[in-house]
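K.L.:
Sequence and predicted structure below; questions after.
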Number of protein chains: 2
Amino acid sequence: MLHEEVVGRIRDILLDGEIPPGARIPERELCERLEISRTPLREALKVLAAEGLVQLLPHRGSRAAKLTDKDMRDLFEVCQGLEALAGELACERISDHEIAEIAAAHVAMVQHYREGDLIQYYRGNRAIHEGIVNAAGNPVLTGLYASVTARIRRARYVTPMTPQRWAFAVSEHEAILNALQRRDGAGLSHILRAHLRHKREEVLQAGFAETEANEPTLKIA
Amino acid sequence: MLHEEVVGRIRDILLDGEIPPGARIPERELCERLEISRTPLREALKVLAAEGLVQLLPHRGSRAAKLTDKDMRDLFEVCQGLEALAGELACERISDHEIAEIAAAHVAMVQHYREGDLIQYYRGNRAIHEGIVNAAGNPVLTGLYASVTARIRRARYVTPMTPQRWAFAVSEHEAILNALQRRDGAGLSHILRAHLRHKREEVLQAGFAETEANEPTLKIA
DNA sequence: ATCTCTATTTTTGAATGCAAAAACGATCTC
DNA sequence: GAGATCGTTTTTGCATTCAAAAATAGAGAT
């Protein structure tokens, strides 16, 4: 009861960027804030470490995981693969109702785009991608996708979005919805791969992983 | 130091089938056997629960995860997707040396096949697939693949293997090696998908997952 | 002054302790 | 004799405690 709650809360804290990547996780403080003892907190940290959100250093505490460019590239690569798989499966299994929901989310997202509301746009964007993954009807896939996107999202909050890129992303989404409505698995898979590749380029070019405030110089033995 | 050790040991115990799927995990016993207290054991169980190997029931202890047919199908589906992705990436990045290693593993595996040594054959089979995944050079992918295969492997030790299927699997492996040597990403991806689909059929037809007393699957929002 | 070595404090990792929940058993009722 | 009810035991979840490791700081030497 408490355990899952704690994992969720800390995950949110990390995803909100409240503890920046690479920063130490203050065990004592978090305990006070969540009003729990160290035992469930530490259990949660181990779980989050297994998820890749937290880095455990023996006898030196835990830090919010810091992603290198390579890590990001790897995550995007896998995310691509998972979405492509989800797209193919979704086309086989998706119901008309689910398509309608995704179409609605798409329309809403485009509206947010027109209004220039980036936050709401992102929310809509996520809803669409998650909708496709859910439509694949594979909880294992859903779980892995959640894990990978969580790690990516963790870095995204610094990413800027140029008007051109934004417009292009919207046009790609039109194509995604189209393929889904035609239930064209291969086509959707292909578009999703391209879409993700573009997003990856954005993020990497933005230099998301600025080499910030690091630990004091370590003695190298 | 102790923590990772414990996670690994319990994972092995589960993968070896020493605690059968669905069975209760005796906390006290394991503590005595591993000569640790309940704290690190429970931490490990939470991590393994996050990995999907252990099922945690509130106030009712933990059990070795039990997979339904649907779970297995889902796992294979994702495994397929991951291997296909790995195959494509591997063809772009694999070195001649790595190809040689996989080829050697293949030869060894065929030899075990000829000798009828199923255990060693399985080991070689795993080495090949893991070699391809590793050759993709993507640790995120490697990690997810390990997690998924661990859960699958957990059920596989009951799977029988008819001579025909075995022979066919070997022939598929010839094709896999061939595509890899030609660095034919698309072709390899395709073969790997087919290969996995066949393995999945074997496992499911074997009726590995006797549908006993299962709780209804949870909906993930 | 800086560097080093040591003493103190802080933090981490794991064991133990304690309250609540569940499992188990025995008695009682019908 | 079957089933229900209450009390006991066991197990679970979390808090607390304790020892060891690391960070910190302070004194002394150069």
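P.N.:
Received it, and whenever you're ready, just let me know what you need.
K.L.:
buried residues in stretch A:4-11?
P.N.:
Of the residues in stretch A:4-11, those with enough neighbours to count as buried (16 or more other CB atoms under 10 Å in any protein chain shown) are A:Val6, A:Val7, A:Arg9, A:Ile10, A:Arg11. C-beta: built from backbone N, CA, C; applies to glycine.
K.L.:
which stretches of chain A aren't confidently modelled?
P.N.:
Counting by pLDDT under 70, the ranges of chain A that qualify are A:1, A:156-159, A:203, A:206-221.
K.L.:
Redo the buried residues of stretch A:4-11 as a markdown table? Include secondary structure.
P.N.:
Output for the buried residues of stretch A:4-11, formatted as a markdown table (DSSP: H, G, I helix; E, B strand; the rest coil):
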| residue | secondary structure |
| --- | --- |
| A:Val6 | helix |
| A:Val7 | helix |
| A:Arg9 | helix |
| A:Ile10 | helix |
| A:Arg11 | helix |
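K.L.:
gap between the closest residue to DNA strand D within chain A and A:Ile102?
P.N.:
Nearest residue of chain A to DNA strand D (CB to the nearest atom of the strand) works out as A:Leu2 at 2.4 Å. With the distance defined as CB to CB, to the nearest Å, A:Leu2 ends up 36 Å from A:Ile102.
K.L.:
my guess is A:Lys46 contacts B:Leu41, does it?
P.N.:
No - counting by CB atoms under 8 Å, A:Lys46 sits too far from B:Leu41 to count as a contact (11.9 Å).
K.L.:
more crowded one of these two?
P.N.:
More crowded of A:Lys46 and B:Leu41, by other CB atoms under 10 Å in any protein chain shown: A:Lys46, with 24 against 21.
K.L.:
Outline the domain layout of chain A.
P.N.:
With domains defined by automatic domain parsing, chain A comprises A:2-64, A:69-205.
K.L.:
Spell out, range by range, the helices that occur in chain A.
P.N.:
Secondary structure of chain A (DSSP state H): helices at A:2-15, A:27-34, A:38-51, A:69-93, A:96-115, A:118-135, A:139-156, A:163-181, A:185-205.
K.L.:
what about the shortest one and chain B, touching?
P.N.:
No - using CB under 8 Å from any CB of the partner chain, we find that helix A:27-34 stays clear of chain B, coming within 14.1 Å at best.
K.L.:
With the longest one instead?
P.N.:
Yes - judged by CB under 8 Å from any CB, helix A:69-93 comes into contact with chain B through A:Asp71, A:Asp74, A:Leu75, A:Glu77, A:Val78, A:Gln80, A:Gly81, A:Leu82, A:Ala84, A:Leu85, A:Leu89.
K.L.:
count of neighbours near the second one?
P.N.:
What it means is A:Asp74. A:Asp74 has 23 neighbouring residues, counting by other CB under 10 Å.
K.L.:
B:Thr142 is in contact with that one, correct?
P.N.:
No - using CB under 8 Å, A:Asp74 is not in contact with B:Thr142; the gap is 9.2 Å.
K.L.:
returning to that earlier point: residue contacts, the residue lying closest to the residue of chain A closest to DNA strand D once chain neighbours are set aside?
P.N.:
Using CB to CB, 6 or more residues apart in numbering or on different chains and skipping the chain neighbours, the partner closest in space to A:Leu2 is A:Pro40 (5.5 Å). For A:Pro40, the contact set (CB atoms under 8 Å, 6 or more residues apart in numbering or on different chains) comprises A:Leu2, A:His3, A:Val6.
K.L.:
returning to that earlier point: pretty sure the residue of chain A closest to DNA strand D contacts A:Glu35?
P.N.:
No - using CB under 8 Å, A:Leu2 is not in contact with A:Glu35; the gap is 10.2 Å.
K.L.:
who's whichever residue of chain A sits closest to DNA strand C bridged to?
P.N.:
For chain A, the residue closest to DNA strand C is A:Gly61, as judged by CB to the nearest atom of the strand, at 2.8 Å. Beta-bridge partners of A:Gly61, counted by DSSP bridges, are A:Leu57.
K.L.:
so what's the residue most central in space within chain A up against?
P.N.:
Against the mean C-alpha coordinate of chain A, by CA atoms, centre = their mean, the closest residue is A:Thr149 at 2.4 Å. Going by CB under 8 Å, 6+ apart, A:Thr149 touches A:Cys79, A:Arg126, A:His129.
K.L.:
Up against DNA strand D, what does chain A have?
P.N.:
Proximity of chain A to DNA strand D (CB under 7 Å from any atom of the strand) is limited to residues A:Met1, A:Leu2, A:His3, A:Glu35, A:Ile36, A:Ser37, A:Arg38, A:Thr39, A:Pro40, A:Pro58, A:His59, A:Arg60.
K.L.:
what about 6 Å?
P.N.:
Within chain A, the positions adjacent to DNA strand D are A:Met1, A:Leu2, A:His3, A:Ile36, A:Ser37, A:Arg38, A:Thr39, A:Pro40, A:His59, A:Arg60 by CB under 6 Å from any atom of the strand.
K.L.:
Isn't the third one up against B:Val47?
P.N.:
No - counting by CB under 8 Å, B:Val47 is not a contact partner of A:His3; they are 11.6 Å apart.
K.L.:
quick one: which of the two has more around it?
P.N.:
It is B:Val47, of A:His3 and B:Val47, that has more neighbours when counted by other CB under 10 Å, with 24 against 18.
K.L.:
A:Arg197 - nearest residue in space that isn't next to it in sequence?
P.N.:
Leaving aside its sequence neighbours, A:Arg197 sits nearest to A:Gln80 (CB to CB, 6+ apart; 6.8 Å).
K.L.:
rewinding a little: which single one of the buried residues of stretch A:4-11 is nearest to A:Ala135?
P.N.:
In terms of CB to CB, no member of those lies closer to A:Ala135 than A:Arg11, at 24.4 Å.
K.L.:
now the closest one: how far from A:Val54?
P.N.:
The value you get for A:Arg11 to A:Val54, if CB to CB is used, is 9 Å.
K.L.:
what sits in contact with each of these two?
P.N.:
Common neighbours of A:Arg11 and A:Val54 (criterion: CB under 8 Å, 6+ apart): A:Leu48.
K.L.:
Give the closest residue to A:Gly131 in space, chain neighbours not counted.
P.N.:
If the residues on either side of it in the chain are set aside, A:Gly131 comes closest to A:Ile102, at 4.4 Å by CB to CB, 6+ apart.
K.L.:
Could you report the neighbour count for the one you found?
P.N.:
A:Ile102 is flanked by 24 other residues according to other CB under 10 Å.
K.L.:
next one: A:Glu18
P.N.:
By other CB under 10 Å, 11 other residues sit near A:Glu18.
K.L.:
do A:Phe76 as well
P.N.:
Using other CB under 10 Å, A:Phe76 has 20 neighbouring residues.
K.L.:
give the contact list for the residue of chain A closest to DNA strand C.
P.N.:
Neighbours of A:Gly61 in contact, by CB under 8 Å, 6+ apart: A:Arg24, A:Ile25, A:Glu27.
K.L.:
thinking again about what came up before, which of the helices of chain A sits most buried?
P.N.:
helix A:69-93 (a mean of 22; mean count of other CB atoms under 10 Å in any protein chain shown).
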